[in-house]
Every structure is written in structure tokens, then in C-alpha cells.
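Enquirer: 3D model of this:
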Amino acid sequence: MRVLREGGRSAYDPQPRPQQPRFAVPMLRKLTRLLVLGARSALFGLLLVAVVLYVRFLRGGPDPAPWHTTDLASEFTAARADDVRSLEDYRRLEDRLYGELQSRVLDQVGPRDRQPFNRYSAGSRSDPGAWPINWNRTFEVVPAKATGAVLLLHGLTDSPYSLRSIGGHLAGRGLHVVGLRLPGHGTAPSGLLSFTVEDMQAAVRLAMLDLRRQTGPGAPIYVVGYSNGAALAVDYALSALRGGLPPPAGLVLISPAIGISGLAVLGRVRTGLSALPGFGRAAWQQVTAEVDPFKYSSFSWNAAGQTQRLTSMTARRVAELAEDGPIDGFPPVLVFLSTVDSTVRAEAVVDALLEHLAPQGHELVLFDVNRLAAAQPLLVEDPGPLTQRLLAMPGRPFALSVITNATPRTLQVKELRAEPGSGRQTAQLLGRAWPKSVFSLSHVALPFPPDDPLYGYETRPDSSHVQLGRIEARGENGVLAIPGWMLTRQRSNPFHAYLLERIDEFVAAGAPQP
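Expert: Modelled structure (predicted):
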């Protein structure tokens, strides 16, 4: 303790005060300035690297072709909904759209683009015109005496082809079937640059209202949605809950896009660069050779952004309705899902939809991975964790069916079935088996049968058109003009017949009694 003299009196300073070096504060300020300068330099460096990589991305890969850049003015939009009121009007506008596609794109293809696997080269093996029916267009099948109706909604970048086999099956069961071509699809990838969620919603409303007019007030109308089409089906059912729209009798959701990667929000960013000469690539995540006659291979930032908008809006609406308890009165839902899915978040169909619904006839059919013991060492530790999570989920408000190996020593499969709210499972052999070379299904496989003429692995050879499910190509990476997933991803469903049986049961359960 030091004694200080203040005004002739003593005072006590209980805490000694070490003397600060005179140079401490200036050094601290200098160090702070250096840190700030270093942070700014690092940030500038990262920004510079990002700009270089972005410019390299814009300059890398093929340039957009005319089918990537031509704006087709005859496409349906929400702004046209007042003038286009029926499916007949919609298809009449579609006729004009395809006339425009012919004159502005197909007739302009030069010699350099006349390739044997170019969708836009007339007479090529990828030409939709090589097929008896151009499945890119809206189609309608009306039985002599319809017992109900079904609206088919395809996925993003797809066309009505993706649900043609299911539509044909249901038409054979006496249902009036409409396979709707959604705006921006089935023509040229340039449609992916400008379509909006509102355009798709308006098209779905138009189709449902027209089906109600055609079938009468008592007939059930089902909606079958695949991927992005499944999100549109849920979105429509939520709107119908408010009244004013014909409610669906039930929803069949296949590989539903209820949740997608959060990075898709980048698709909503607009740089404006794509309008500048030489920067058309800025509008595209991927520009790829268009070899598939009924699905775009290229993908735009706008398409990603619109899907992110749709899934976010749907999840938010479900959450808001569920604030006061499980959602009552939602139409029965039958979901088909692969436990592994690299396109959407498979678990989102449970977290953002099914667990919020009152237990009123909803069911999830989950296709597990091939768990044959011989294949397990080649897979990641647990490629399908969703399977075990759902089997152990307490108080499920929906029924659960899991298609999995009968034992780890066989390719034969069984169905494990559990009723809503029950952990008790019943097992049934299905008399079906995994193909030896298939270790799982995929997002794109579920709606297509093994003998699908385009995507099937069991289809008969046909030299008149491309058969993507039969292509076997081996060589070095980076040589082919098409992405590797087009060759390696499972494109058809070995259990497609089971899927149809379950849809039949679902429709029969909701059909009006005679």
C-alpha cells in the first residue's frame, strides 16, 4: 500500500497502479490498423478470386444455342388467365406456341447443329417427332364412361411424358386423364428463363376448374404430381381449403419437391449480366447438349429460384395452418419416395407436410436402398438413414410402408407396413426383387416402368429414337457432352407395378360407392 500526499494530507491508495508504457497505446492503434488493412486485403482477394471464377464459369462450357435464347411469346402466363379459361383454350394457345417453336427455333437450326442426338434437329434420334405422339404437349384421354378424373403434373424441366405410363394405366381404369404441360416446359429451354410460380399455379387452377365442369359436381378428381408437380399439387390443395376451388379427392405425390437445397435461393438473384452481349451464359447454371426428347438437360437460375419460391411458400402455408393443431380436412395423400434422393430433401415431405396433417388416410411408401450384404461394403455407412428414422418415429399421423430386402442375403423384397400412430409392423413378401446391378432408386426413377421406351433398362431395342435407359458408355471423364448422371443414375423403377397397385387401392378407397 502506497501513501500519497494530497494537499498536505495523507491518502491511501489500496490498489497499486502500474505505470503504462508511453508507447502502448500507439502500438495498439497501429496493430488495429494493420488488422483492419489485412482484413480488407483478404476480403478484396476473396472478391477478386470470386470474380475470376465467375467469369471463368461464364466463359466455360458451350455457348447458349438458339433454343436457349429464343423467347416464345405464345406461352401461357398468369396474365393470360382471363382470356384462356378452358383446357380447349389452353391447347389452342399451345398450338400457336408450337407453331412459333417450329418457325423461330426448329426451322433456324443450321448444319452445325444437325446432330444425330440433338432434340432440335429434325429427324435425329432425339427428335420428339420420331415418336408416334409428341409427349411434350398437353394430352387428354376421355373414357366412354368416366368414373372420375385425374390431373397429372410433371416435374421441373420435364414434360407430360414423365407421367404418361401412370396416366395410361388410370385411363384404363375409367378415369378422365389430363396430362398438363406446365408453362415454360416441353418446348425449348429458353422457357426456363421467364416462367414463374404464378404461371404454373394459374395453369393448375384452369385445369382443375375445367375438369370439374366436364365431370360434374359428384365425380372425384385426383391430382398426381411428380417432383415440382407434387409441390404444385400440395399448393393447390392448400388453396382449395379456403374454398372457391374444386377440392381434390386425393393427392398422389411422387418424389415430391417439398424441400430443396437452400442454395437454390441463389436462383432468385438477378445480376442483369445475361442481357449483355457475350454474357448469355450468366442466366444458366448448366448449358448441356439437349439429347432427351422430353426433358431439358440445361438448367437456368430462374428455374432454381422459382422452385425455391414454391417450396418455401408451401412450407410456410402448411406451418401457418398447423399453428393451432394438425390440419384437418386436407385431402388424403399417398406419397412415393426414394429414401435416397439427390434432387430434393427426402425428409422434408415428413417434416414440412405429413407430420402436420390430421390422421385422415395419409400414407408414405418409402423405397429403401438395396441392403444386400454383398453390396453394403460399396455404399456409404448408412445411405438411407430416413428409413430407420421413420420406422422408429413415435405417433406418426400417417401410415408407412417400406420396401426393403427380405433379408440381407437376398435381392427379394418385402413390404414393412405400419398403421398411423403404431410402431407395430407387418411384413409381406412382394414376389419382386432388386436387379443385380441396382443399389438404389433415385429421384427420377419412380414414375417410369423398367420397359419404358426412353428410360427403361428392360425395353426392347428401337433404332428410331434414343433410348437413354439402355446407353452404356465408358471412357475418360470430361469427354462426353452430356452430364455423367444421365448415364449412371437409375432412370426407371423395378417396382413400378407395385406403385400402380398402390395407386389403384388409393383411388378405389376414395371412389364413390355405387
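Enquirer: can you list the weak-confidence ranges in the stretch 401-514 of the chain?
Expert: 485-486, 511-514 (pLDDT under 70).
Enquirer: Just say helix, strand or coil for residue 38.
Expert: Assigned with DSSP: H, G, I helix; E, B strand; the rest coil, residue 38 falls in the helix class.
Enquirer: show me where the stretch 251-400 of the chain has strands.
Expert: Along the stretch 251-400 of the chain, the segments classed as strands by DSSP state E, counting those that start in this stretch run 284-286, 299-300, 333-338, 363-367, 399-405.
Enquirer: Which of the ones you listed sits closest to residue 391?
Expert: Residue 391 sits nearest to strand 399-405 of all these, at 6.6 Å, using CB to CB. In short, each C-beta sits where N, CA and C put it, glycine included.
Enquirer: ok, back up a step: now tabulate the strands of the stretch 251-400 of the chain in a markdown table and tack on mean neighbour count.
Expert: Listed next are these as a markdown table, based on neighbours: other CB atoms under 10 Å:
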| stretch | mean neighbour count |
| --- | --- |
| strand 284-286 | 17 |
| strand 299-300 | 22 |
| strand 333-338 | 26 |
| strand 363-367 | 23 |
| strand 399-405 | 22 |
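Enquirer: what about those strands, which gets the closest to residue 376?
Expert: strand 399-405 (10.5 Å).
Enquirer: Now do the closest one and strand 333-338, the angle between them.
Expert: Relative orientation of strand 399-405 and strand 333-338, computed by axes from the mean of the first three to the mean of the last three CA atoms, to 10 degrees: 20 degrees.
Enquirer: can I have the following helix or strand past strand 399-405 written out in CSV, keeping just the CAs?
Expert: As assigned by DSSP states H and E, the chain's next helix or strand after strand 399-405 is strand 412-418. Taking Å, rounded to 0.1, in the frame of the first residue of the first chain, the C-alpha atoms of strand 412-418 are listed here in CSV:
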residue,chain,number,x,y,z
GLN,A,412,-36.1,-60.3,-52.9
VAL,A,413,-38.0,-57.5,-51.3
LYS,A,414,-40.8,-57.3,-48.7
GLU,A,415,-43.2,-54.6,-47.6
LEU,A,416,-43.0,-53.5,-44.0
ARG,A,417,-46.3,-51.8,-43.1
ALA,A,418,-47.2,-49.8,-40.0
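Enquirer: any idea of the angle the next helix or strand after strand 412-418 forms with strand 399-405?
Expert: Once the chain leaves strand 412-418, the next helix or strand it forms, by DSSP H and E, is strand 426-433. With the same axes, to 10 degrees defining the directions, strand 426-433 sits at 40 degrees from strand 399-405.
Enquirer: Pull out the buried positions in strand 426-433.
Expert: 432, 433 (16 or more other CB atoms under 10 Å).
Enquirer: which residues sit against that strand?
Expert: Contact partners of strand 426-433, identified using CB atoms under 8 Å, 6 or more residues apart in numbering, comprise 403, 406, 410-418, 494-495, 497-498.
Enquirer: To residue 484, which of the strands of the stretch 251-400 of the chain lies closest?
Expert: Of all the strands of the stretch 251-400 of the chain, strand 284-286 comes closest under CB to CB, at 12.5 Å.
Enquirer: which helices and strands does the closest one pack with?
Expert: Here strand 284-286 touches strand 299-300, helix 301-321, going by 3 or more CB pairs under 8 Å, 6 or more residues apart in numbering; DSSP states H and E.
Enquirer: chain center to the shortest one: distance?
Expert: Taking CA atoms, centre = their mean, to the nearest Å, one finds the center of strand 299-300 at 13 Å from the center of the full chain.
Enquirer: That one: partners in the sheet, and parallel or antiparallel?
Expert: strand 284-286 (antiparallel) (DSSP bridges).
Enquirer: List of residues touching the partner strand?
Expert: For strand 284-286, contacts defined as CB under 8 Å, 6+ apart pick out 61, 64, 68, 267, 297, 298, 299, 300, 301, 304, 483.
Enquirer: before we move on, back to that, any chance of the helices and strands packed on strand 284-286 in TSV with mean pLDDT as columns?
Expert: Below are those laid out as TSV (pLDDT from 0 to 100):
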stretch	mean pLDDT
strand 299-300	95
helix 301-321	95
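Enquirer: can you pull out the helices in the protein?
Expert: 24-59, 66-69, 87-104, 164-172, 197-215, 228-241, 301-321, 348-351, 385-391, 485-488, 496-510 (DSSP state H).
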